[in-house]
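Chemist: predicted model, plus sequence, below.
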Number of protein chains: 2
Amino acid sequence: MNIYSDRINHLRKLMKAEGIDVYYIPMSDCHDSEYVGDHFRCIEFLTGFSGSAGHVLITMDEAWLFADGRYYIQAANQIEGSGIILMKWGQPDVPEPLVFVREKAKGKVLGFDGCVVNANFAEKISQDASDIKYEKDLVGKIWTDRPAQTFTEIWNLPLEYCGESSESKLARVRKEIEKEYPDAGSYAYLLGSLDDIAWVFNIRANDIPNNPVAYAYAVICGGTAHLLTNKKGYGRNWYQMEETQETNKKGYGRNWYPLEEKKETNEKGKAGATDVTCILMDKNRIGYSTYRYFKNRKKKIIHIDDPSRKMKAVKNETEIKCLKQALLRDSAVIIRLMRWVKENAGKIHLDEISIDEFLLQKRGEDPLFLEHSFDTIAAYKENAAMMHYEATLDTAKAIEAEGMLLVDSGGQYKDGTTDITRTFILGPVTDEEKKSFTLTAASMLRLLNAKFIEGCRGENLDIMTREPMWMEGMDYKCGTGHGVGHVLNVHEGPHNIRYRIGTAGPSAVLEEGMVVTDEPGVYREGAYGVRTENELLVVPYMETPDGKFLQFENLTFIPIDLDGIDITYLTEEDKKLLNNYHESVYQTMAPFFDTEMQNWLKEYTRPV
Amino acid sequence: MNIYSDRINHLRKLMKAEGIDVYYIPMSDCHDSEYVGDHFRCIEFLTGFSGSAGHVLITMDEAWLFADGRYYIQAANQIEGSGIILMKWGQPDVPEPLVFVREKAKGKVLGFDGCVVNANFAEKISQDASDIKYEKDLVGKIWTDRPAQTFTEIWNLPLEYCGESSESKLARVRKEIEKEYPDAGSYAYLLGSLDDIAWVFNIRANDIPNNPVAYAYAVICGGTAHLLTNKKGYGRNWYQMEETQETNKKGYGRNWYPLEEKKETNEKGKAGATDVTCILMDKNRIGYSTYRYFKNRKKKIIHIDDPSRKMKAVKNETEIKCLKQALLRDSAVIIRLMRWVKENAGKIHLDEISIDEFLLQKRGEDPLFLEHSFDTIAAYKENAAMMHYEATLDTAKAIEAEGMLLVDSGGQYKDGTTDITRTFILGPVTDEEKKSFTLTAASMLRLLNAKFIEGCRGENLDIMTREPMWMEGMDYKCGTGHGVGHVLNVHEGPHNIRYRIGTAGPSAVLEEGMVVTDEPGVYREGAYGVRTENELLVVPYMETPDGKFLQFENLTFIPIDLDGIDITYLTEEDKKLLNNYHESVYQTMAPFFDTEMQNWLKEYTRPV
């Protein structure tokens, strides 16, 4: 028996008392956020597993943890001795969590905390249960020293950084709703996704580390908009506030008040919150408890894909101008890191933590820097084979003058969010490492240089990146690229670069103004890892009678370490792409440096 | 007033008598076939439009014809003076036929012939109608000299050509059904798609020109299988036969008898047709009348994607061996055509019809030749800009010693179905024509040489073909490739090569054994057209710890006319691909020819 099996047994007693046979716990918060604050780390409290994604299921006799490929080893270590069964999510013989929970709950009473399970997922797992109890935060009952939900100061992202007023964004959201749902009548649209709310209302905060969002809900009607955000804990049961009314004390530029409060329609004659005929919500991003609250009251509910999701992915002129500046300054930081680590490896004491410290210090000198956009991945040698490795003080590996160091890091600046990976050659590397490094460079450059007709999606483009690897029978087991928020989450939809078309359907069509990462890699367990990542912007290429064509504009200007390039793995075309890229890096970045540094940069951007 | 407006007015009188406000007519038969026999050409009878795809909608005041981009000009000419409004299907401002019909039928009484409208489409267009009348073949009532449905002799495709017995195919279909629908119980699976029926039962016929299929239905139960095929016209109301019983007189290897006839379960204890608990059908490929027949009788109906569709797309060893032989012989025919037309253009009288005659004569010398697999497209100069041009005796263009001739043609052989396009340079061509010809060659070769990981679909691969064109702001407005039946329809799903992901979802994952065409092109209205088309086979590339990788094996060995190649439009890689391809053409095809012809072939497969 260990501490976690004790906790699980405690939970089972509560389950028994509540008449629950099967209890489900997600890694989520009330907003279906990708990364959650400490208050919501129920899985870690109950099982010891500290990864960023997972699912737990408890019955009277058994307990299962689903962890994905990034976490197989870590999860196995962390749950050892607890009696929990590790489900290696993603392995061919392991069912999807949804299927597994539904199966185990068949004919049983299923319990979960409906605040932190999205409505769509909850409905699916409940389908075959004899009964469900969805208002049961049982982990909360035994977690006596649970950290409170964090509510930090909210600030406005000024127009000079965001480029569009909240009024204008709201008008666009309404227009989209009224176009897609012409029969919606006097609707109230519930928005729960934190980065969408931050985008619509031009607010930022620090409620979740690295994600500059505020815990909030928004209710958008035809003529009014309501931002619900305070420190009163609505986060778990915000709809309980409907009987009360308060005015916003912070001046976010709009009133907030409860959904069903009496209010006259505004001067445009459009509905306020009062006379709502239907509730719109994205059931994938609204908690089941909220959904049920309205459903139990016989409200008409229409599922809607949050329209702001695509709107915020298409960056406006101001956002693009700002992001370019942020990425130039951030490129300069990484170039300094590159030189520093290449010149000092083996000479001074360096370990993986030193890299993060260097980055925090250099970025911190920038007056617009807020925080890192995710935990820095500084992974030396075999540690780099773990795509989401994070060094700790205990485990940080010392860096020597040999092998490869992968650094994946990004900053939240007031003018943009960055995400950059470079792999540095610190001394002797094997031929295989050079081959992997070179093919990764070719892959990154080929996507960067792709031309494509309007209407293409990431699914159409991914082969441009992967072909140099597939030719060699090599592949990386993750997507090639993701959208990036503007002073928001480093991962953002609805577009991406992947070749697989998931059951949820294809990703969004790539549009002018979208930002996407380009990050191929090679990962060899126990040996090494390579990744090279730029941020790209979708821009026009040309328009002809055959159609409108798009291309990418490169936003990241950092050398690809020529010490790792073996030109025998490059085609003539690839060599041209590499030389053109390095020429542009030198031309763009030289003005940031003094002559001595310029000379160094010249050397590392020389033609091959 | 012309003959077609008279017919439409006649139809309106019948509509009035039946109380129908809006009448819909598809270009389809009872089996949702892509190409239909003369009996089913109701649109042509009513409107004069003779294209292979279209939709017609008639109200008391208006009439609309939907025709796609291949047919804008032809349709406009053919319906002139009839008062019918041409809807240019595919133009951004033109709604989809489904949306348009549904809209026009809103609150009205909608009529159609439910035998020739698939159940899924019919349900969608009926959604907002106040009532529907779906057993109304009104065109049939005014079409006095309507050709009868054609029923030709049915023959068995022997095991030496098809490679798998019907028993084995049926067992696989049942296994798939029982896997996907474990709760289906005593099912009766209705299969209406003609090429699937031909594949399952190893039968062939000539009921539709170029498509060697028989009009038939199949009913597959757990323990019995029923092939319904005769000359009694069940094609329109086959379920009316359920009260009668006949035995099969042709020896197809199985009995046929009506669906609900009394019959004991067979020795395996699996259900016969009698005790059916549910009816499975692909609602996209079964007529609405059939669907409603069972629905009206309160039968449990489950929609299923016809499992044979994917099975028949994956060719077995025998089919592959046979197809390769057929394509080699067919390549020899096209090589002879290439030399003949290049050497004789401007010397003897040649026109577009001469090409079809040459091909029919040469292919006809092959003892395994059955018929052409589609109407030959021999299109000279500007005629080639029409992707599906068909020369007639009246319009056939004379061929001179200049410009380009596009020939897209294929044969049905007892050992395989072919589909080949080559564009021949007959004399002086413009620089632009050479550029288009050269980029088309590069496009075809790049897909042929693509390597890809298992799990990829045509949507992932299409950019490999199109990138050389997109780089130049060029694009062709059709798919890059389609599946090909085995001694069956020249167009076959469920896979294809296209970049667009349609509303019906992505195409099937490419699997070892699938055959697909690779046919990029350039089409310039009023000027010229280029297309180069090979048939490719999906085969293994390599297997590594990173996964299983696939590639294409080329099946078509015909030179790409070097007189059209301008190497300034080829990368170094493209030149290698072209030279390797031509080397393989010479090595493979030389044994088919005498020394003199071999010398000619050597010249036209020389390296660039």
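Modeler: Alright, I've got the coordinates. Numbering: from 1, shown residues only, chains lettered A, B, ... in the order given.

Chemist: contacts for stretch A:161-169?
Modeler: With contacts defined as C-beta atoms under 8 Å, 6 or more residues apart in numbering or on different chains, stretch A:161-169 is touched by A:159, A:199-202, A:253-254, A:308, A:311, A:316-319, A:322, A:414-415, A:486-487. For every residue, glycine as well, the C-beta is placed using N, CA and C.

Chemist: rerun at 6 Å
Modeler: By C-beta atoms under 6 Å, 6 or more residues apart in numbering or on different chains, the list of residues contacting stretch A:161-169 from outside reads A:Val200, A:Phe201, A:Asn202, A:Asn316, A:Thr318, A:Glu319, A:Cys322, A:Lys414, A:Asp415.

Chemist: give me the number of residues near the second one?
Modeler: As a burial measure, the neighbour count of A:Phe201 was computed by other C-beta atoms under 10 Å in any protein chain shown and equals 24.

Chemist: cool, and the fourth one?
Modeler: When neighbours are defined as other C-beta under 10 Å, A:Asn316 has 16 of them.

Chemist: assign a three-state SS to A:Glu123, would you?
Modeler: helix (DSSP: H, G, I helix; E, B strand; the rest coil).

Chemist: any figure for the gap between A:Ser186 and A:Ile279?
Modeler: Plainly put, A:Ser186 is 11 Å away from A:Ile279 if you go by C-beta to C-beta, to the nearest Å.

Chemist: who has more neighbours out of these two?
Modeler: Using other C-beta under 10 Å as the criterion, A:Ser186 and A:Ile279 rank with A:Ile279 on top: 24 against 17.

Chemist: list phi and psi for the more buried one.
Modeler: For A:Ile279, the backbone dihedrals are phi -110, psi 130 (criterion: degrees, to the nearest 10).

Chemist: wait, doesn't it sit right on A:Ile301?
Modeler: Yes: assessed by C-beta atoms under 6 Å, A:Ile279 is found in contact with A:Ile301 at 5.0 Å.

Chemist: quick one: least confident helix or strand in chain A?
Modeler: helix A:234-237 (a mean of 43; mean pLDDT, DSSP states H and E).

Chemist: remind me which helix or strand the closest residue to A:Lys124 other than its chain neighbours belongs to.
Modeler: Residue nearest to A:Lys124 in three dimensions, not counting chain neighbours: A:Leu98, with 5.6 Å by C-beta to C-beta, 6 or more residues apart in numbering or on different chains. Assigned by DSSP states H and E, A:Leu98 belongs to helix A:97-104.

Chemist: what do A:Ile279 and A:Ile301 both touch?
Modeler: Contact criterion C-beta under 6 Å, 6+ apart; residues shared by A:Ile279 and A:Ile301: A:Phe294.

Chemist: and stretch A:135-143, C-alpha only, in PDB?
Modeler: Presented in PDB, the C-alpha positions along stretch A:135-143 are these (Å, rounded to 0.1, in the frame of the first residue of the first chain):
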ATOM      1  CA  GLU A 135     -22.200  16.500 -10.000                       C
ATOM      2  CA  LYS A 136     -19.700  14.500  -8.000                       C
ATOM      3  CA  ASP A 137     -16.300  16.000  -7.500                       C
ATOM      4  CA  LEU A 138     -15.200  13.100  -5.200                       C
ATOM      5  CA  VAL A 139     -11.500  13.800  -5.500                       C
ATOM      6  CA  GLY A 140     -12.200  17.300  -4.200                       C
ATOM      7  CA  LYS A 141     -13.700  15.800  -1.100                       C
ATOM      8  CA  ILE A 142     -10.600  13.900  -0.100                       C
ATOM      9  CA  TRP A 143      -8.000  16.500  -1.400                       C
END
